[in-house]
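Participant: Provide a 3D model corresponding to the input given below.
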Amino acid sequence: MTGRGFARSDARVKALVASPPGLALVGLALGGACDPPREPEPVEARTAARGDEPAPPEAQAARQRGRLVAGERVARVPRWPGAEALATSVRERLSTAVRAEIERSPVPVLVPGDPGWQGLALSSPRGPGELGPGYALSARADGRTLVVQASRLATLVPGIGRHEGRERLRGTPGFVTENDGVKAAAWIEHGTAYTLELECEDPESPQCSVEALRAEVEGLAYVGGAGEARPPTRAQGGAIGGGR
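Facilitator: Just a heads-up that it's a prediction; the model follows:
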C-alpha cells in the first residue's frame with residue numbers, strides 16, 4: 001500500500017472512532033448487511049413464544065408490529081458474559097478515557113489482548129437517554145492498524161436470507177475477507193455482530209496475513225460494558241451467602 005493510501009485509511013479510522021456512522025461496516029462485512037447466523041433466542045423470548053406465561057409488554061409490542069420491512073433496522077439482544085470472563089489485567093492497562101467509553105457501550109467490549117498495540121482509542125456514541133449502536137476502536141503497532149467494530153443492530157436486506165460463515169472464529173461461524181489489502185473477519189458473539197480489520201503498510205508482510213488476522217481475532221479480550229456482570233463485594237457475599 002502506498003503512503004498516500006495508508007494516510008487515507010488513517011483518516012477513515014479516526015473518523016470511525018470519533019463518530020461511527022451506525023457502525024455500518026459491521027453489517028457490510030457480515031454478508032451484505034443481512035442478519036448473520038441466528039443464535040439461540042434469549043430464554044425470555046422462547047418462553048413467551050411457547051405461551052408458558054404472559055409475554056412482557058415490549059415482547060407483545062414487537063408481535064404487533066407485523067412482518068419486518070426490507071431495509072428495516074432491528075436490534076439484537078446482547079448476552080453479557082459472567083464476571084469471571086472479565087480480563088481484569090487487560091482492562092487495567094487501558095486509559096481512563098477508554099474505560100469511560102467501555103462503561104457506555106451497550107454491547108460487550110472486546111479489545112486486543114496483545115499489549116503491543118498502542119494508542120488504543122475507543123468510542124461508544126449515544127444520544128440523550130438512549131442506547132447507541134455499539135462501539136468502534138482502533139490501535140496501531142509497527143506499521144499496522146487494527147480496527148474493531150461491534151453493533152447490536154442488524155439490517156434486513158431484501159432477497160438475502162441468513163448465511164452461516166464457513167470460517168470458525170472464536171468458536172462460532174464467521175467470515176474472513178480481503179479487499180484492497182485489508183484483511184477482515186466478521187462473526188457473532190454474545191448476541192453482537194463484531195468485525196476486526198487489519199491493515200498494513202506492507203500488505204504482503206507476514207504480520208498482515210490471514211493467519212495474523214485470525215490470531216488477532218482469537219486474542220481479543222472481554223473488558224466489560226454497560227451491562228457487564230460485576231463480582232459481588234465482600235458485604236454482598238456475606239448477605240447472600242450468609243458468611244460471617
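Participant: Okay, now the unreliable bits of this protein?
Facilitator: Low-confidence segments of the chain (pLDDT under 70): 1-72, 156-162, 230-244.
Participant: Show me where it has its helices.
Facilitator: 3-18, 24-29, 43-50, 57-64, 88-92, 96-104, 210-218, 234-241 (DSSP state H).
Participant: export the shortest one as PDB, just CAs?
Facilitator: If I follow you right, that is helix 88-92. Output of helix 88-92 as PDB, limited to C-alpha atoms (Å, rounded to 0.1, in the frame of the first residue of the first chain):
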ATOM      1  CA  THR A  88      -9.100  -7.500  34.500                       C
ATOM      2  CA  SER A  89      -5.400  -7.200  33.700                       C
ATOM      3  CA  VAL A  90      -6.100  -6.000  30.200                       C
ATOM      4  CA  ARG A  91      -8.700  -3.500  31.400                       C
ATOM      5  CA  GLU A  92      -6.400  -2.100  34.000                       C
END
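Participant: quick one: contacts for residue 229?
Facilitator: Residues near residue 229 by C-beta atoms under 8 Å, 6 or more residues apart in numbering: 80-83. For the C-beta atoms, the positions are set from N, CA and C on the backbone; glycine is no exception.
Participant: Most neighbours of all the residues you listed, which one?
Facilitator: residue 80 (18 neighbours; other C-beta atoms under 10 Å).
Participant: Please list all residues in contact with residue 126.
Facilitator: Contacts of residue 126 (C-beta under 8 Å, 6+ apart): 104, 106, 132.
Participant: Recalculate using a threshold of 6 Å.
Facilitator: residue 132 (C-beta atoms under 6 Å, 6 or more residues apart in numbering).
Participant: quick check, nearest of the contacts of residue 229 to residue 227?
Facilitator: residue 80 (4.8 Å; C-beta to C-beta).
Participant: Pretty sure residue 80 sits against residue 227.
Facilitator: Yes - Residue 80 is within contact range of residue 227, at 4.8 Å (criterion: C-beta atoms under 6 Å).
Participant: Next, the distance between the ends of stretch 139-153.
Facilitator: Its start and end residues considered, stretch 139-153 measures 24 Å (C-alpha to C-alpha, to the nearest Å).
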